[in-house]
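Peer 1: next come a sequence and a model predicted from it.
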Amino acid sequence: MKRAKSLRALLAAGTARVRAERGLSEQQAAELLRSYGLVTWQVGTLTQVEAGVRPLAVEELLLLCAAYRVSLAELAGSDPDEVELAAGARL
């Protein structure tokens with residue numbers, strides 16, 4: 001049985017994908033995200049999020065979507081594999 005991808009990994013990949021689609025460097029993206037209220041975000045913060053190392057608070061996730069002008073569904077992408085929301089809970 002194939003292992004489900006974690007929600008953090010799914011959002012990390014989506015964040016990196018959307019930034020690349022927008023043609024933004026990490027520095028440009030960090031500046032944009034700060035202008036949308038993620039005032040403490042630096043390039044390193046974005047790098048950690050895109051690597052799936054740093055979890056996203058709900059508020060951060062919503063601001064990230066607003067800054068990149070995508071819905072949460074668009075950020076998550078269309079990966080057909082199962083996503084593990086929590087231990088034993090899959091979508």
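Peer 2: Received it, and whenever you're ready, just let me know what you need.

Peer 1: okay, and for the chain, where does confidence drop off?
Peer 2: Applying pLDDT under 70 to the chain flags the ranges 1-2, 79-80, 84-91.

Peer 1: okay, strands next: where are they in it?
Peer 2: 5-6, 83-86, 89-90 (DSSP state E).

Peer 1: direction included, what does the first one pair against?
Peer 2: When pairing is defined by DSSP bridges, strand 5-6 lines up against strand 83-86 (parallel).

Peer 1: which residues are in contact with the lengthiest helix in the chain?
Peer 2: If you go by DSSP state H, the chain has its longest helix at helix 7-21. With contact meaning CB atoms under 8 Å, 6 or more residues apart in numbering, helix 7-21 is reached by 26, 29, 46, 49-52, 55-56, 61, 64, 68, 70, 74-77, 79, 83-85. Heads up, the C-betas are built off the backbone N, CA and C, glycines and all.

Peer 1: any of those buried? List them.
Peer 2: Burial by neighbour count, 16 or more other CB atoms under 10 Å: within the contacts of helix 7-21 this picks out 26, 29, 46, 49-50, 52, 56, 61, 64, 68, 70, 75-76, 83-84.
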